[in-house]
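**Student:** No sequence on hand, only this structure:
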């Protein structure tokens, strides 16, 4: 049973299994602090509509990975001292305010049960690492509210207009109600501090220990065959990557090897990049 004199963190993030970023790293490092009794990481929910697509072999990469894990390990599992919860909800994500509100109503009892088991009554910190957390503000236990603002989801072109409107509203709600607000860039700092004086700059960093350990090991065979000099990138190759720029560089510098490690979101982009003989797409690798 966790020490009730300590703090626990109810952390709302995105997919745990996806490419590890700021949210997963912060949750893991918070769990390692001596004053933290438990960290419960709430993933974005899995809609039942995607289960039908998964059964039919038509689900996207993320849904396939998460349904396989849920069907094998259940909706609650642990990674070191972090308890990860995957709520199951009826409606498709990002389909507007009404469906999202209903999804939150279905998700909250699942979150509450996992939170009660893991926290043991310790004092709560609610950590909003994703604007989706705003749907749960009136349900979560009262405690310190931290909002970690990373990006403006209302500008994401791949989301529907209804979803962008929803995320804009949730961001304004979290900004106004946060006891502490963290941002990762100076422009965000200027913008958010004008709205909430308790705003602090918390830039992104690197997992130095992991990088040092990797550098001491042998070079992977698939890297050894790639000519130097190598220009490297790790992460999702999606709409944030300037494909025109990358393709132009590859053509102008044929003696350089451009090595991209991570999933390519669009098949057309993959074919376009692979057409350049000095662009190497190594695909997704476990973190």
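**Tutor:** That came through fine. Bear in mind the structure is a predicted one, so any value in this text is a computation, not a measurement.
**Student:** which stretches of the stretch 1-150 of the chain aren't confidently modelled?
**Tutor:** 1-5, 18, 121 (pLDDT under 70).
**Student:** where along it do the helices fall?
**Tutor:** Listed in chain order, the helices of the stretch 1-150 of the chain (DSSP state H, counting those that start in this stretch) span residues 22-31, 48-55, 61-73, 97-119.
**Student:** Burial-wise, tell me which of these comes out on top.
**Tutor:** Burial of the helices of the stretch 1-150 of the chain is given as mean neighbour count (mean count of other C-beta atoms under 10 Å); helix 22-31 ranks first at a mean of 20. Just so you know, the C-beta spots here come from the backbone N, C-alpha and C atoms, and that holds for glycine as well.
**Student:** Roughly how far does residue 209 sit from residue 33?
**Tutor:** Counting by C-beta to C-beta, to the nearest Å, the separation of residue 209 from residue 33 is 16 Å.
**Student:** So if I had to pick from these two, which one is more boxed in?
**Tutor:** Neighbour count, other C-beta atoms under 10 Å: between residue 209 and residue 33, residue 33 has more, with 13 against 8.
**Student:** Next up, the contacts around the residue lying farthest from the centre of the chain.
**Tutor:** Most distant from the centre of the chain: residue 255, at 35.3 Å, with distances by C-alpha atoms, centre = their mean. By C-beta atoms under 8 Å, 6 or more residues apart in numbering, residue 255 lies in contact with 229, 278.
**Student:** same question, residue 69
**Tutor:** Residues near residue 69 by C-beta under 8 Å, 6+ apart: 17, 77, 86.
**Student:** mind running it again at 7 Å?
**Tutor:** Applying C-beta atoms under 7 Å, 6 or more residues apart in numbering, we find residue 69 in contact with residue 17.
**Student:** in the stretch 151-287 of the chain, which spans are helices?
**Tutor:** Under DSSP H, counting those that start in this stretch, the stretch 151-287 of the chain gives helices at 161-177, 186-193, 208-215, 221-224, 243-252, 267-274.
**Student:** and these, which one is worst for confidence?
**Tutor:** When the helices of the stretch 151-287 of the chain are compared on mean pLDDT, helix 208-215 scores lowest, with a mean of 81.
**Student:** just how off-centre is that helix within its chain?
**Tutor:** Chain-centre distance of helix 208-215: 22 Å, with C-alpha atoms, centre = their mean, to the nearest Å.
**Student:** Same check on stretch 80-100?
**Tutor:** In this view, stretch 80-100 has its centroid 13 Å away from the chain centroid, taken as C-alpha atoms, centre = their mean.
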